[in-house]
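Undergrad: Need a 3D model of the following:
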Amino acid sequence: MAHGTRDRAGVATTEALLEQVRALRPDLRVEVGYLDLVRPSLDEALAGLAGEVVLVPLLLGAGYHVHADIPAAVAAAPWVRATVAPALGPDPLLATALGDRLAEAGRPRAAGPVVLAAAGSRDPAANADTARMARLLRGHLGAPVIPSYLCAGSPTPAEAVAALRAEGHDRIAVAGYLLAPGFFARRAAEAGADLVSSPLGTHTAVAELILRRYLAAAGHGPAPRPAAPAGGARV
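TA: Residues are numbered from 1 along each chain as shown. Prediction:
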C-alpha cells in the first residue's frame, strides 16, 4: 500500500520498488493499492483479491493512513482475511539506505550535521517515528541528525538548516526521508542545505525491509522461505 503522488516519477519509483520485491520473491503475488491520488486504490486492489492477504504499508511512519484509512478499507472488504504489517519506519535498514543516499549526494562519512526531512503528519505518533529514525541515523553516521517536517510539524527542513547555520555549522546536509520523488522531495531540495540526498526509492535495503515486514506479519519470521507453488500468499 503506497501513498500515491501526482508525480509520474514518484509512481514509477514505487512500481520499480515493487518489481524488486517480486524479483526477490517470485513465489509471491505482489499487488499495489494506493491510498490517494493514484489508481488502483486500496479498495480496488482488495476487490481483486480473496482469502489470506498481508498488507504492507509503504509508509515511513504510523500516521492517519495506518490508524484510520487502512483499517477502514480492510473492514469494507470482508472477503479477505487481512493481516496488516507495521509501517516501514523507523528501522536500521532505512538508516543504511539514508546513509548511502547521502554518500551518493557527496557527503563525506565524517562530515557535519544532517537534517532528516520527513513528510510530517498531524499525528504525533508519526512525527515521533521520525524522531526515532533520526536517532537511528545519528548512530549510523556518528553525526548529529535533526528531525524536521515538510508539513504539519516543526521545525521545517529550512528552519532546521537555518538554526544549524546560526550555530556556526558551514557544511549541512539534508537527508530526504521520503520513498519517492514528488512535491515533498522538491521542497526538501529548497531547504538551503549544502547538499540534499535523493529519496530512498529503489534502494535494495527498502525492498528487503518490505519483505521482512511481510514475513513477520505472515508469521514466517525474518528469513525468506523456499519458493512456494504458483498462486501462493499475496503481499
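Undergrad: Name the helix or strand for Cys151, please.
TA: According to DSSP states H and E, Cys151 maps onto no helix or strand at all.
Undergrad: What is the neighbour count of it?
TA: When neighbours are defined as other C-beta atoms under 10 Å, Cys151 has 13 of them. C-beta coordinates here come from the backbone N, C-alpha and C atoms, glycine included.
Undergrad: Buried residues of stretch 15-29, list them for me.
TA: Leu17, Leu18, Gln20, Val21, Arg25, Leu28 (16 or more other C-beta atoms under 10 Å).
Undergrad: same deal with stretch 56-64?
TA: Buried residues in stretch 56-64 (16+ other C-beta under 10 Å): Val56, Pro57, Leu58, Leu59, Leu60, Gly61, Ala62, Gly63.
Undergrad: ditto for stretch 39-54
TA: Buried, per 16+ other C-beta under 10 Å, within stretch 39-54: Ser41, Leu42, Ala45, Leu46, Leu49, Val53, Val54.
Undergrad: What of stretch 109-119?
TA: In stretch 109-119, counting by 16+ other C-beta under 10 Å, buried: Ala111, Pro113, Val114, Val115, Leu116, Ala117, Ala118, Ala119.
Undergrad: The fifth one and Ala191, how far apart?
TA: By that I understand Leu116. Distance, Leu116 to Ala191, using C-beta to C-beta, to the nearest Å: 11 Å.
Undergrad: overlap in contacts of these two?
TA: Ser148, Val174 (C-beta atoms under 8 Å, 6 or more residues apart in numbering).
Undergrad: got the buried residues of stretch 15-29 as a markdown table, with pLDDT, distance to Gly168 and secondary structure columns?
TA: Formatted as a markdown table, the buried residues of stretch 15-29 follow (pLDDT from 0 to 100; distance: C-beta to C-beta, whole Å; DSSP: H, G, I helix; E, B strand; the rest coil):
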| residue | pLDDT | distance to Gly168 | secondary structure |
| --- | --- | --- | --- |
| Leu17 | 97 | 39 | helix |
| Leu18 | 96 | 44 | helix |
| Gln20 | 97 | 42 | helix |
| Val21 | 97 | 44 | helix |
| Arg25 | 96 | 49 | coil |
| Leu28 | 95 | 51 | coil |
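Undergrad: ok, back up a step: quick check, nearest of the buried residues of stretch 39-54 to His169?
TA: Leu42 (42.1 Å; C-beta to C-beta).
Undergrad: For Pro78, give its distance to Leu46.
TA: 10 Å.
Undergrad: element containing Gly176, please.
TA: Since the elements are taken from DSSP H and E, Gly176 ends up inside strand 173-177.
Undergrad: tell me the centre residue of this structure?
TA: Leu60 (3.7 Å; C-alpha atoms, centre = their mean).
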